[in-house]
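Participant: Sharing a model that was predicted from the sequence below.
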Amino acid sequence: MDFLQDLIATLNFILQGLWVTIGVTLLALTVGLIFGVAMAMLRVYGNRFLRQVATVYSVIVRAVPVIVIIFILYFVIARFVNLSPFLAGSLALGFASGAYKTEIFRGAFQAVPPGQMVAARAIGMSRLQAIQSIILPQAVRLALPAWGNEATLVLKDSTLVFVVGVPEIFRRAQQISARTLEPFMAFGAALLLYLILTMIATQILQWIERRYRLQM
């Protein structure tokens, strides 16, 4: 009976970090998607200078551990810009995620037949109009499977924001473990929550992919 009560109390405490984890993940995915699509477009359709900028961003950010990016954003940049731990951690994750999405969408843009751009320009579309109306929708469809996998990685990487004090699931599991001296119960509960979140996210992403393919 005492074990069951302890387990319920542990779950209730850790569940308070659930919405924080979801918020961090959604914000990071949004920021990463914006960075990824923009940089991928520059790598494929930009001039020489813009291609180099996008390439440097992709290569360097993917070479740096995400936790280092979080520290830089929170302890360095946040000294000049007022950022909360939640916002700093989410933006750092999104910035890092954007580098991986750059490569995902770059491959998707390049997989669209070049004749699509030629045909769009032939009917009077500008280069930007052709990208927005013709190329991008096809690229999104091609990128969805890989983007879905990367999205689940961002969910798991959300644990890293605990280093700047964001009270998400993992941080709360640490706190309850230190308080009760029952690490197995605390981190077991956290593992269960992450497993459930990952399964739900996977199902949602697969549903989006199916719907998008049907619309195409």
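Facilitator: That came through fine.

Participant: Helices of this structure, residue ranges please.
Facilitator: Read by DSSP state H, the chain holds these helices, from start to end of the chain: 2-15, 18-45, 48-63, 66-75, 85-111, 114-122, 127-130, 136-157, 169-180, 183-215.

Participant: so which of the ones you listed gets nearest Val163?
Facilitator: helix 66-75 (6.2 Å; C-beta to C-beta). Heads up, the C-betas are built off the backbone N, CA and C, glycines and all.

Participant: re earlier: most packed of the helices of the chain?
Facilitator: Of all the helices of the chain, helix 85-111 carries the top mean neighbour count, a mean of 22, counting by mean count of other C-beta atoms under 10 Å.

Participant: got the angle for that one vs helix 136-157?
Facilitator: Between the direction of helix 85-111 and that of helix 136-157, the angle (axes from the mean of the first three to the mean of the last three C-alpha atoms, to 10 degrees) works out to 140 degrees.

Participant: by contact count, what packs against helix 85-111?
Facilitator: Judged by 3 or more C-beta pairs under 8 Å, 6 or more residues apart in numbering; DSSP states H and E, helix 85-111 is in contact with helix 18-45, helix 48-63, helix 66-75, helix 136-157.

Participant: Just put those helices in CSV and tack on mean pLDDT.
Facilitator: Supplementary listing: the helices and strands packed on helix 85-111 in CSV, determined by pLDDT from 0 to 100:
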stretch, mean pLDDT
helix 18-45, 94
helix 48-63, 95
helix 66-75, 92
helix 136-157, 88
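
Participant: Adding distance to Asn82 as columns, could you present these in TSV?
Facilitator: Converted to TSV, the helices and strands packed on helix 85-111 look like this (distance: least, C-beta to C-beta, whole Å):
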stretch	distance to Asn82
helix 18-45	17
helix 48-63	24
helix 66-75	12
helix 136-157	24
